[in-house]
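Q: the amino acid sequence is not available; the structure is as follows:
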């Protein structure tokens, strides 16, 4: 069934004339109501995401008139993404993509439900039911365009190209607050590292022993983990790479390695890790798909006639005009669209369509299926997905998080995912 995730949208600011033309894209006129609904929903998603992380977003936008204001940057990137959505709809026929009558009916019902629940916000934004329908159709086309647009991607990846080596390491820093530790402290940490290495070597099976218990018992400043990398790795220092190259599977390097920032203890788990290599192949394929997808979008934009009107240029994203996603009221027995505000400011009642929901209502998977490509609140769909647990350089699993070795989580597109505040408004 089709599902549209919804939550409340609230806003405050001057009313907008949504009937004016905002954009002209290849002779297709897009009115202010449609573009502004998309813009304000993305703004609300961003506000809600900030609040979910316990961050105040009330002063993040600025006046909307200074080049340094985030509000201007946000509007520019959101407008660019919106243009990409329109271009995908314009090229949909070339890829055999269309909407069914059932799609259109359910989109219409969802749009009407939202409009009925948000009369004040709708009036303020200058949007009508037809404007919401336009945006939901754009989301749906975007979701369905991914697969055909990336179908011609080269998916042949050799073992050599993707080959991954997996190591286990423990390390202790030689700096504190970006300053080198004292010579005395450095000597103490070397002593700790050598003690950890000795215990690992003296264990019943050094090839499988867990580093974390031994290292953290010796000194809580140790960080331990497993890391997979390829020939282009730039995360691990050269000293580690060179030491690993001298080892065989299961072997622990015989001495503590000193780098500019750490003492390392290293074990080679697999010189060629087949599982990690297969995962890397999928990451490479996905990267190629993302590049293919974004290149097509860029080609379309370069070949298009795109005009922003004065009516659209006059629309500002600022601290004086805020839009918030509100949490749905879960106490209602019929799961209606009545909602309560997540902020202390006054707001209108209702539900807003999720930017990661189309008529299908599915979310982006790690395989970046077109049925789930979600639109980020501040970036385009060109990064519709990234490999689950694959980083650009390698995959790291650490008992203490390390910024330089964290791996990309699934469905964070390349570069962007949107946060969905959801309760279903239409099935």
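A: Noted; the coordinates are in hand. Bear in mind that the values here come from a model prediction, so they are computed numbers and not experimental data.
Q: now do the helices in the stretch 151-300 of the chain.
A: 159-162, 183-202, 211-218, 238-244, 274-302 (DSSP state H, counting those that start in this stretch).
Q: rebuild these as a markdown table, extending it with distance to residue 253.
A: Where C-beta positions appear, they are placed from N, C-alpha and C, glycine not excepted. Shown next, in a markdown table, are the helices of the stretch 151-300 of the chain (distance: least, Cβ to Cβ, whole Å):
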| stretch | distance to residue 253 |
| --- | --- |
| helix 159-162 | 25 |
| helix 183-202 | 8 |
| helix 211-218 | 12 |
| helix 238-244 | 5 |
| helix 274-302 | 20 |
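Q: turn these into a markdown table, columns for mean neighbour count and mean pLDDT.
A: Below are those laid out as a markdown table (neighbours: other Cβ atoms under 10 Å; pLDDT from 0 to 100):
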| stretch | mean neighbour count | mean pLDDT |
| --- | --- | --- |
| helix 159-162 | 14 | 97 |
| helix 183-202 | 15 | 98 |
| helix 211-218 | 18 | 95 |
| helix 238-244 | 16 | 98 |
| helix 274-302 | 18 | 98 |
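Q: out of the ones you listed, which gets nearest to residue 126?
A: helix 274-302 (25.9 Å; Cβ to Cβ).
Q: what are the buried residues along the helix or strand just after that closest one?
A: As assigned by DSSP states H and E, the chain's next helix or strand after helix 274-302 is strand 306-308. Buried residues in strand 306-308, counted by 16 or more other Cβ atoms under 10 Å: residue 308.
Q: what's strand 306-308 in contact with?
A: The contact list for strand 306-308 (Cβ atoms under 8 Å, 6 or more residues apart in numbering) reads 22, 23, 24, 25, 26, 79, 83.
Q: avg pLDDT for that strand?
A: Mean pLDDT, strand 306-308: 98.
Q: who's in contact with the next helix or strand after it?
A: Following strand 306-308 in sequence order, the next helix or strand is helix 310-313 (DSSP H and E). Helix 310-313 has contacts (Cβ under 8 Å, 6+ apart) with 17, 20, 21, 22, 23, 32, 35, 79.
Q: restricted to strands, list those.
A: In strands, defined here by DSSP state E, the members of the contacts of helix 310-313 are 21, 22, 23.
Q: who wins for neighbours among those residues?
A: residue 22 (28 neighbours; other Cβ atoms under 10 Å).
Q: OK, contacts around it?
A: By Cβ under 8 Å, 6+ apart, the neighbours of residue 22 are 30, 31, 32, 34, 35, 36, 308, 309, 311, 312, 315.
Q: count of residues packed around the last one?
A: Here the count is done by other Cβ under 10 Å, and residue 315 has 19 residues near it.
Q: would you agree it is in contact with residue 36?
A: Yes. Under the contact definition of Cβ atoms under 8 Å, residue 315 touches residue 36, with a separation of 6.1 Å.
Q: please enumerate the shared neighbours of those two.
A: Contacts common to residue 315 and residue 36, judged by Cβ under 8 Å, 6+ apart, are 16, 22.
Q: stretch 40-60: which residues count as buried?
A: Applying 16+ other Cβ under 10 Å to stretch 40-60 flags 40-49, 51, 57, 60 as buried.
Q: circling back to that earlier point, just the buried subset of the contacts of strand 306-308, please.
A: 22, 23, 25, 79, 83.
Q: pLDDT value on the first one, please?
A: pLDDT, the model's per-residue confidence, is 98 for residue 22.
Q: mind listing the strands for the stretch 51-200 of the chain?
A: Using DSSP state E, counting those that start in this stretch, the strands of the stretch 51-200 of the chain run over residues 165-173, 175-176, 179-180.
Q: the longest one pairs with which strands?
A: Under the criterion DSSP bridges, strand 165-173 sits next to strand 223-229 (antiparallel), strand 262-270 (antiparallel) in its sheet.
Q: distance from it to the middle of the chain?
A: Distance of strand 165-173 from the chain centroid (Cα atoms, centre = their mean, to the nearest Å) equals 28 Å.
Q: hmm, who's touching it?
A: Contacts of strand 165-173 (Cβ under 8 Å, 6+ apart): 181, 189, 192-193, 196, 211-212, 214-215, 219, 221-230, 236, 240, 244, 261-273, 276.
Q: now the nearest residue to residue 128 once chain neighbours are set aside: how far from residue 164?
A: Nearest residue to residue 128, sequence neighbours excluded (Cβ to Cβ, 6 or more residues apart in numbering): residue 33, at 5.7 Å. Distance check for residue 33 against residue 164: by Cβ to Cβ, to the nearest Å, it reads 50 Å.
Q: cool, residue 65 as well?
A: For residue 65 relative to residue 164 (Cβ to Cβ), the value is 50 Å.
Q: repeat that for residue 176.
A: From residue 176 over to residue 164 the distance is 33 Å, taken as Cβ to Cβ.
Q: so for the two, which sits in the more crowded spot?
A: residue 164 (26 against 11).
Q: test my guess that that one contacts residue 273.
A: Yes. The criterion here is Cβ under 8 Å, and residue 164 meets it with residue 273 at 4.9 Å.
Q: give the buried residues for stretch 99-111.
A: For stretch 99-111, by 16+ other Cβ under 10 Å, it's 99, 103, 106, 107, 108, 110, 111.
Q: sorry, that was for stretch 81-95
A: So, applying 16+ other Cβ under 10 Å, buried residues of stretch 81-95: 81, 82, 83, 84, 85, 86, 87, 88, 89, 90, 91, 92.
Q: who's in contact with the third one?
A: Right, the one you point to is residue 83. Residue 83 neighbours (Cβ under 8 Å, 6+ apart): 23, 25, 301, 306.
Q: tell me which two of the residues you listed sit farthest apart.
A: The span of those, defined through Cβ to Cβ, is set by 23 and 301 at 12.5 Å.
Q: any stretches of the stretch 51-200 of the chain with poor pLDDT?
A: Per-residue confidence for the stretch 51-200 of the chain (pLDDT under 70) gives these ranges: 56-58.
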